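# The following block contains a protein sequence and its predicted model.
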Amino acid sequence: MKPVALITGGQRGIGFGIAQSLRDAGYNLALTSERPPDDTEVTQALEELGPSARYRQHDLRDTAAVKSLLDGFEQEFGPLTAFVSNAGVPARVRGDMLDLASESFDLAMDVNLKGGFFLAQEVARRMCAAPGDTYRSLIFVTSVSAEMVSVERAEYCISKAAASMMSRLFAARLAAEGIGVFELRPGIIETAMTAAVRERYDNRIRDGLVPARRWGQPDDIASIVRALTSGQMAYATGAVIPVDGGLSIQRL
């Protein structure tokens, strides 16, 4: 039986890069996001990924729908062997944190933290209830903003810092079950989400903001996810891995 990976936000950006990599590694792909199945972005992703991919619409804020979501994927593919918690929302408006509206704060927390937690919780419950010989893993894609301060995106930074703790909590709880849990912290990655700030960062990256002096690409994250889901780093469960070209290295 082929291994099965659930990827939130797997139809675009970092998530799509991860989906491509895991497809090439022989996985069946369970993809989900808030977009409807007939959305152009979704249909194009499924066409590219081929017959190994299935898609179900799910709003992470709807925690009551988690069980039915997983039931549907399990009926098609069988039990999950990997969960990649990738979907998230940016700050609705960049600006002075003293002007941050509660609705913007709530959205970031509901999607980036609460929704991710309760989906991971149900995945973990099912993995624990049906142990097997296949290596299983949970991977949380957070951000360098889990540690690096960006005052114009306070709600985003806070949600990612909390998601980092969430990853460590799952790692500690699931280690004895043989389930690996990892956190990846992408830096400045070239995706649709960062298109609006492309011009702002181009010169700064070239000037050394990122020691690697280039934008990150979805495949930079995807190649690491592929290694983590394979079990090659099983004893490193709980590891936090920066994927940022050196952005988060402290420098003088």
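That came through, no problem.
# Can you get me a residue count around Val197?
Residues lying near Val197 (other CB atoms under 10 Å) number 12. For the C-beta atoms, the positions are set from N, CA and C on the backbone; glycine is no exception.
# Next, it: secondary structure please.
helix (DSSP: H, G, I helix; E, B strand; the rest coil).
# Quick check, pLDDT for it.
pLDDT for Val197: 78.
# Near Met233, how many residues? Count them for me, please.
Using other CB under 10 Å, the number of residues around Met233 comes to 16.
# contacting residues around it?
Contact partners of Met233, counting by CB atoms under 8 Å, 6 or more residues apart in numbering, are 180, 182, 227, 239.
# residues touching the closest residue to Pro211 other than its chain neighbours, list them.
Once flanking residues are discounted, Pro211 sits nearest to Gly246: 3.3 Å by CB to CB, 6 or more residues apart in numbering. Counting by CB under 8 Å, 6+ apart, Gly246 touches 210-212.
# Quick check: Gly246 is in a helix.
No - Gly246 is assigned coil when assessed by three-state DSSP, not a helix.
# In contact with Asp244, which residues are there?
Asp244 touches 144, 185-188, 210, 216, counting by CB under 8 Å, 6+ apart.
# List just the nearest of the contacts of Gly246 to Asn203.
Here the nearest of those to Asn203, counting by CB to CB, is Val210; it sits at 11.7 Å.
# The residue nearest to that closest one when sequence neighbours are not counted: how many residues sit nearby?
Among residues not flanking Val210 along the chain, Gly245 sits closest, at 4.4 Å (CB to CB, 6+ apart). The local packing of Gly245 (other CB under 10 Å) involves 21 other residues.
# So Gly245 versus Asp38, what's the distance?
From Gly245 across to Asp38, the span is 37 Å (CB to CB, to the nearest Å).
# Likewise for Ile14?
23 Å.
# Those two: who's more crowded?
Neighbour tally, Ile14 and Asp38, criterion other CB under 10 Å: the higher count belongs to Ile14, 30 against 8.
# residues contacting that one?
The neighbours of Ile14, taking CB under 8 Å, 6+ apart as the test, are 86, 141, 186, 189, 191, 218, 221-222.
# For Leu98, state which of the residues you listed is nearest.
Pro186 (27.7 Å).
# Leaving out chain neighbours, which residue sits closest to that closest one?
Counting by CB to CB, 6+ apart, Pro186 lies nearest to Val243, which is 5.0 Å off, once chain neighbours are set aside.
# Any idea how many residues pack against that neighbour?
Look at Val243: counted by other CB under 10 Å, it has 22 neighbours.
# What ranges does the stretch 101-250 of the chain have for its helices?
Using DSSP state H, counting those that start in this stretch, the helices of the stretch 101-250 of the chain run over 102-109, 116-129, 154-174, 198-206, 218-229.
# got the buried residues for the third one?
Buried residues in helix 154-174, counted by 16 or more other CB atoms under 10 Å: 154-164, 166-167, 170-171, 174.
# Next, the contact list for Gly116, please.
Contacts of Gly116 (CB under 8 Å, 6+ apart): 8, 60, 85, 87-88, 140, 163, 166.
# low-scoring stretches of the chain, by residue?
Within the chain, no range satisfies pLDDT under 70.
# So which residue is smack in the middle of it?
Asn86 (1.6 Å; CA atoms, centre = their mean).
# isn't it right up against Ile7?
Yes - with contact defined as CB atoms under 8 Å, Asn86 reaches Ile7; the gap is 5.9 Å.
# which residues are in contact with both of these two?
With CB under 8 Å, 6+ apart, Asn86 and Ile7 have common neighbours 15, 18.
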